[in-house]
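K.L.:
sequence-free structure coming up:
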């Protein structure tokens, strides 16, 4: 089956033709230009989709909180203005007259990793991504757990520092204000404004910059604090960690070194692995959802 898969992110819109075997072809990437707002982004995605032919259904992975039944955006932050409320499923189905499924990007990545990547051996898994914010997805018995409205997994907004830094969600002390790549960059730039991304920070780390090494170590502790809480809540047998900066070997080693010291012994039977599918995880997850829905095996609330 030819499935058109789209992955709408704040920076780029990735697109491809996928099939039920997890094979991808015609992979493309375009700038989102998200600051132009939600209506522009959806029209941009439609324009990209018009460049593909002979597909049977559409799977869309997207930033923001998604109502998977309605295929609409429940909430999106200021990274994509005016995206909240967009009826993405309805718009695409009217345009193409094809079944369209829409799901949150981290949920799609988790589904992709479960079927084709790092999560293949896990029954109960958490997927946590570290980037501009912190995203999460919950897999129970290899199915997404979405909660009462399909919105579960907002790990970035668990409170790790009561009365801490203000977050865009309106709360204070959220996990992503301390454990995201954005948080790492913010602290590194207090040392020198030139440390404006993770790559530059770790280049300096490798040079032995003591101040930067302290910032990185404090940031890794913040990652661990949140993960320990999640482990004690969900008791998973696997955690798949994603985000470009997690490719740094030191981060993976230190998370594994520190986390088992903080988790109760009775909860310690879990494994932490890095996401494998990189920039195709969302596309593959979206294609799995669309394929299962197309053949009558998927209900967005039967999870």
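P.N.:
Here it is on my side, so go on. Computed from a predicted structure; not experimentally measured. Residues are numbered from 1 along each chain as shown.
K.L.:
and stretch 137-150, average pLDDT?
P.N.:
On average, the pLDDT along stretch 137-150 is 93.
K.L.:
end to end, how far does that stretch reach?
P.N.:
11 Å (CA to CA, to the nearest Å).
K.L.:
Off-centre distance for that stretch?
P.N.:
A distance of 14 Å separates the C-alpha centroid of stretch 137-150 from that of its chain, computed with CA atoms, centre = their mean, to the nearest Å.
K.L.:
And stretch 202-220, by the same measure?
P.N.:
Between the centre of stretch 202-220 and the centre of its chain there are 25 Å (CA atoms, centre = their mean).
K.L.:
now stretch 113-125
P.N.:
Here stretch 113-125 is found 15 Å from its chain centre; the criterion is CA atoms, centre = their mean.
K.L.:
now do stretch 108-117
P.N.:
Here the centre of stretch 108-117 is set off from its chain's centre by 11 Å, with CA atoms, centre = their mean.
K.L.:
Any buried residues in stretch 215-234, and which?
P.N.:
Neighbour-count burial for stretch 215-234 flags 215-216, 219-220, 222-231, 234 (criterion: 16 or more other CB atoms under 10 Å). Yep, even glycine has a C-beta here, placed from its N, CA and C like the rest.
K.L.:
nope, stretch 168-187 is what I meant
P.N.:
Of the residues in stretch 168-187, those buried by neighbour count under the rule 16+ other CB under 10 Å are 173-181, 183-187.
K.L.:
export those residues to CSV and tack on pLDDT and distance to residue 123?
P.N.:
Putting the buried residues of stretch 168-187 into CSV (pLDDT from 0 to 100; distance: CB to CB, whole Å) gives the following:
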residue, pLDDT, distance to residue 123
173, 98, 32
174, 97, 29
175, 98, 25
176, 96, 27
177, 97, 32
178, 98, 30
179, 98, 26
180, 95, 28
181, 94, 29
183, 97, 32
184, 97, 32
185, 96, 36
186, 97, 37
187, 98, 37
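K.L.:
where's the nearest residue to residue 189 once chain neighbours are set aside relative to residue 186, distance?
P.N.:
Taking CB to CB, 6 or more residues apart in numbering, and ignoring the residues beside it in sequence, residue 189 has residue 195 as its nearest neighbour in space, at 5.4 Å. Taking CB to CB, to the nearest Å as the measure, residue 195 falls 10 Å from residue 186.
K.L.:
just checking, the residue nearest to residue 189 touches residue 188?
P.N.:
Yes. Applying CB atoms under 8 Å as the test, residue 195 and residue 188 come out as touching, 3.8 Å apart.
K.L.:
which element is residue 138 on?
P.N.:
Counting by DSSP states H and E, the element that carries residue 138 is strand 134-140.
K.L.:
tell me, how many neighbours does the residue nearest to residue 189 end up with?
P.N.:
By the other CB atoms under 10 Å criterion, the neighbourhood of residue 195 contains 25 residues.
K.L.:
quick revisit: please enumerate the shared neighbours of residue 195 and residue 188.
P.N.:
When contacts are counted by CB atoms under 8 Å, 6 or more residues apart in numbering, the set common to residue 195 and residue 188 consists of 201, 212.
K.L.:
follow-up on the earlier one: what does the pLDDT read for the residue nearest to residue 189?
P.N.:
At residue 195, the pLDDT value in this model is 96.
K.L.:
Return the residues in contact with it.
P.N.:
If you count contacts by CB under 8 Å, 6+ apart, residue 195 has them with 185, 188-189, 201, 204, 212.
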